[in-house]
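J.: pasting a predicted model and its sequence here:
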Amino acid sequence: MVFLGAILGGENTAKTIGNNVLSPQEMTYTIVSIILLSVSISLFIANLLGVPQSTSQSTVMAVTAPALYLNQFNSHTLFVEIIPTWFITPITAFIIAFLVGKYIYKPLRKTGITISKQVNDSYILKGFILAMAMYVAFSIGANNVANAVGPISVMAINELQVSPKHTTHILLLSTLIIAPSFAIGSSLLGKRVLQNTGKELVLFGKIEAVIIAFISASLLLLVSLFKGIPTSLVQLNVGAILGIGVAKLGFKNIFSKTEVNKFFIVWLIAPIVAFFLSLFLVYIADTMGMLHYH
């Protein structure tokens, strides 16, 4: 589903990352290697801390660093289109989940309509959970895969002198290589992130899990298809989880949790790490004569 999402819905986001922040002519082997290394290190640190981190935000900041260094920075794309979306979408996820939890799900429970064990264990509900997991994976493909595919595909087009009519082939090949790595990474390094997101914020049941997944995936897919803006799934997810949690337990009980505060701190630090690491490596590459200017 990640692969399908990337193929069917990832082109706009890949173009934003590959063309609209840094001039595509500057996407050389050296620059792209620096960008991807910087993103990888910042995400690796977040994974060790067990905090779900935004691939999109780290990637955008890692691309912004060489764009500034090379005087190719597109401030309109970053400040008018991308950054506002980073704030608007998680808040939207929070509000929708809060309204669903407070005015639909919670009142149903108060009326005595309880979720029986038979319903919780039914194949229909399990099927819904599987469908939502696939839907989320499709949305990830449409947005987050593009963070790696965008720079790599533009680099390949530049360095290999590929004809514009073969651009789609480069995108497909890049996606084929990169999409499966999402599954490998989650299998090897995702355990602590899963535990912290699934248990430490607020405990929720299967129906709530379906609601959270649907809200997060829908918002991410809409942003990918209509705007092509690299956006954080994890922040959408956490926003929806917090919305459900506040509807159940109140603001104070949720936002006083240590894990919530740690999430916000790491969300702020990781993109900054990616930016400064990328900037430092670009400077080193330049002093060593590894950059060539167009």
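T.: Everything's here; your move.
J.: what residue ranges in the stretch 101-250 of the chain score low on pLDDT?
T.: Scanning the stretch 101-250 of the chain with the threshold set as pLDDT under 70 gives 105-120, 162-168, 190, 192-204.
J.: for it, which segments are assigned as helices?
T.: All helices of the stretch 101-250 of the chain, identified by DSSP state H, counting those that start in this stretch, fall at 106-110, 117-120, 123-143, 146-159, 167-189, 191-195, 206-226, 233-249.
J.: out of these, which gets nearest to Ile88?
T.: Of all these, helix 206-226 sits nearest to Ile88, with 9.3 Å by Cβ to Cβ. No exception for glycine: its C-beta is placed from N, CA and C like everyone else's.
J.: what sits up against that closest one?
T.: Under the contact criterion Cβ atoms under 8 Å, 6 or more residues apart in numbering, helix 206-226 has outside partners 9-10, 12-13, 85, 89, 92-93, 96-97, 100-101, 105, 115, 120, 125-126, 128-129, 132-133, 135-136, 138-140, 142-143, 146, 204, 229, 231, 233, 236-237, 239-241, 244.
J.: nearest to Leu281 among the helices of the stretch 101-250 of the chain would be which one?
T.: helix 146-159 (14.2 Å).
J.: and the closest one, what other elements does it pack with?
T.: Helices and strands touching helix 146-159, by 3 or more Cβ pairs under 8 Å, 6 or more residues apart in numbering; DSSP states H and E, are helix 11-15, helix 29-49, helix 55-69, helix 167-189.
J.: so which of the ones you listed is nearest Ser75?
T.: Nearest of these (Cβ to Cβ): helix 55-69, 9.4 Å.
J.: convert the C-alpha atoms of the closest one to CSV, please.
T.: C-alpha atoms of helix 55-69 as CSV (Å, rounded to 0.1, in the frame of the first residue of the first chain):
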residue,chain,number,x,y,z
THR,A,55,10.3,12.7,8.0
SER,A,56,8.8,15.6,6.0
GLN,A,57,9.9,18.3,8.4
SER,A,58,13.4,16.9,8.7
THR,A,59,13.7,16.6,4.9
VAL,A,60,12.4,20.1,4.2
MET,A,61,14.9,21.6,6.7
ALA,A,62,17.7,19.5,5.3
VAL,A,63,16.9,20.7,1.8
THR,A,64,16.6,24.3,3.0
ALA,A,65,20.1,24.4,4.3
PRO,A,66,21.9,23.9,1.0
ALA,A,67,19.3,26.2,-0.6
LEU,A,68,20.3,29.0,1.7
TYR,A,69,24.0,28.2,1.3
